[in-house]
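[1] Pasting the sequence and the predicted coordinates here, then a few questions.
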Amino acid sequence: MLADDPGASIASIAAAAGVDRRTVYRRFASREELLTAIHEARLTAIEQAIAEARLREAPVTVALHRYVENIIAVNRTWPVDLARMLTDDAVRRRRNASVEEVDAFLRRATDEGLLRGDRPEGWASVLLPQLMHLISRHMPELTPGQAADVVVDTLLHGLGTS
């Protein structure tokens, strides 16, 4: 609900969840506290998705597909923007650690020849999250595995026929 309407009220969130707004306020003292809990849950899910992909030790192609599939599932479960929480130092440090882990993996993928080395530095780090975000939002009919197939193929081969 917050992904569709970031300004959604606690009352409307409670109604959508089938509970009274007092129930929500018993758990979260404020709307901001609720948002913090949501963002932290998303960040924890991202960290778990990265860990489960085994970016450092799994074969690059396997790790790439696992990572993409896992993140697509996270994006669909927690479709909220972490950018609003990056003012919190602890959240920003955790997010930056995740970004650094993925960036190191993408450098490994380039070093091992899976990704082209003749693109601007960091291009894969910019492109991959965008592809995952787009397919998460615009192709809900695909399972996370199917969506990962499309994203990985697009990342590795583009859209051209040659």
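    Received, thanks.

[2] Strands of the protein, start to end?
    In the chain, no segments count as strands under DSSP state E.

[3] burial count for Asp153?
    The burial count assigned to Asp153 is 11, neighbours taken as other CB atoms under 10 Å. To be clear about C-beta, it is placed using only N, CA and C from the backbone, and glycine gets the same treatment.

[4] Could you do Val152 as well?
    Counted with other CB under 10 Å, Val152 comes out at 19.

[5] how about the nearest residue to Ala41, chain neighbours excluded?
    Spatial nearest neighbour of Ala41, excluding adjacent residues (CB to CB, 6 or more residues apart in numbering): Trp78 at 6.3 Å.

[6] Retrieve the pLDDT associated with the one you found.
    Note on Trp78: pLDDT of 89.

[7] Ramachandran angles for it?
    phi -120, psi 70 (degrees, to the nearest 10).

[8] What separation do you get for it and Ile38?
    When distance is defined by CB to CB, to the nearest Å, Trp78 is 7 Å away from Ile38.

[9] give the contact list for the residue nearest to Ala41.
    38, 41-42, 45 (CB atoms under 8 Å, 6 or more residues apart in numbering).

[10] can you rerun that using 10 Å?
    2-3, 38-39, 41-46 (CB atoms under 10 Å, 6 or more residues apart in numbering).

[11] Where does pLDDT dip in this structure?
    Residue ranges of the chain with pLDDT under 70: 82, 84-85, 162.

[12] Mind listing residues that contact stretch 47-60?
    Contacts of stretch 47-60 (CB under 10 Å, 6+ apart): 62-75, 94-95, 97-99, 101-102, 104-106, 108-115.
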